[in-house]
Every structure is written in structure tokens, then in C-alpha cells.
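> What would the 3D arrangement of this be:
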Amino acid sequence: MSTQAIVKDTRDKLEKALHHLQEVLKSVRTSRASAALVDGIRVDYYGTPTPISQMASITVPEPRQIVIKPFDASILKELERAILKSDLGITPQNDGKLLRLTMPALSQDQRKKYAAKVKEIAEETRVAMRNVRRDQNKVAESAHKGGTLTEDDHKRAQDEIQKALKEYEDKVTGLLERKTAEIMEV
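A predicted model of the protein is given here:
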């Protein structure tokens, strides 16, 4: 295995960890409404747990409101029930055709809790990325011992892996800072 292949594999794995973090952060609540908040909610549709996005159009007409308009009006009650069961903490307003979710303003305590949760999630991602570094260094080490990497290539691979880790940790920090600022804004 070549140095380039090891480094490319490292970057791919780090990118997956970063993408996962981005997806998880979308579902963390802020004062602003976002369609991503209801993405993870599943509705029992004829015995099958189905994502809301496959059953309804989700729009954000105002900064603090999500409107869910089902494609089939007969599932309105099921949608409402699923949202009430979720951990959003929002009671939907049902007008017979669509659901309105009005986001209440977060208290300062809630903001701090969500900011701490985001920080914890980011740290878990950093740990996962460091595990990628450790595993990829083992791959480089075994390639060196197996004779497919020279001493110089082995050292270069370790340096490139460390450089990639640093780059992706900086991206995690940037995401964390943006999400925390979003949570803390009034």
C-alpha cells in the first residue's frame, strides 16, 4: 500500500466523521426553526415507520415556525401524534390541512444545555477522528514492516495523517463555534 493510498483512505474516513457531525448538529435545536429538526421523526404509516419528509412538504415560512403539509390529509393525526411523542417539546397546531410548529424562545439555561450538548458531540467526533489516525498509523506501520513502505515513506505517511487530522479537527472547531453562536443568539 502506498503513502498516497493510506492518506487518501485517512481523508475519506475523516470526511465521513465530519459529515456525520454535520448531520447530527442539524437536529440540535436552536431558537430558529429548521426543517432538519423534524427530519429524524418517523410516523407510523400503515405499519411502517416513515420519515416525515416522505409524507409531507416541510417549509419554514418564518424564522420561528415550521409548517408541515401532508400529501395525504388523512395522516394529519398520525403526524401530530409522532411530533408530540418526539423530544422536540413543541405542540403542533392542527388546522385540519396542515401542522404549524411554533418554536418557543429558548431560556438561557436551555441555551447553555444545548451548547454543552453540541460541545460534547464535537468532542466525540474528535475522538473518532483520533481513532482514525491511530488505525491509519497502524496500517502504515504494518506496510512498513511488510516491506511495501520505505522508512521515509512511513514517516511521510505519519506526517500526512497527522496533518489531515489537524485540518479536520479545525473544521470540527469551526462547526462547533458556528452552532454554539446559533444556539446562543437571542
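> Contacts only, for residue 90.
Taking CB atoms under 8 Å, 6 or more residues apart in numbering, we find residue 90 in contact with 83, 101, 102, 103, 104. (Each C-beta comes from the backbone N, C-alpha and C, glycine too.)
> Please look at the first one and residue 89 and confirm they touch.
No. With contact defined as CB atoms under 8 Å, residue 83 does not reach residue 89; the gap is 10.2 Å.
> Which of these two has more residues huddled nearby?
Between residue 83 and residue 89, residue 83 has the larger neighbour count (other CB atoms under 10 Å), namely 21 against 10.
> any idea how far residue 122 is from the more buried one?
As for residue 83, its distance to residue 122 is 27 Å (criterion: CB to CB, to the nearest Å).
> what's the answer for residue 62, then?
The spacing between residue 62 and residue 122, counted by CB to CB, is 29 Å.
> between these two, who's got more neighbours?
residue 122 (21 against 13).
> Residue 21 is in contact with that one, correct?
Yes. Taking CB under 8 Å as the definition, residue 122 is a contact partner of residue 21 at 6.7 Å.
> between these two, what contacts are shared?
172, 175.
> picking that back up, in helices, which of the contacts of residue 90 appear?
Using DSSP state H, the subset of those located in helices is residue 83.
> Which member of the contacts of residue 90 is positioned nearest residue 183?
Distance to residue 183, by CB to CB, is smallest for residue 103 among the contacts of residue 90, at 12.5 Å.
> mind listing what the closest residue to that closest one other than its chain neighbours touches?
Excluding its sequence neighbours, the residue lying closest to residue 103 (CB to CB, 6 or more residues apart in numbering) is residue 64, at 4.4 Å. Taking CB under 8 Å, 6+ apart, we find residue 64 in contact with 31, 32, 33, 102, 103, 105.
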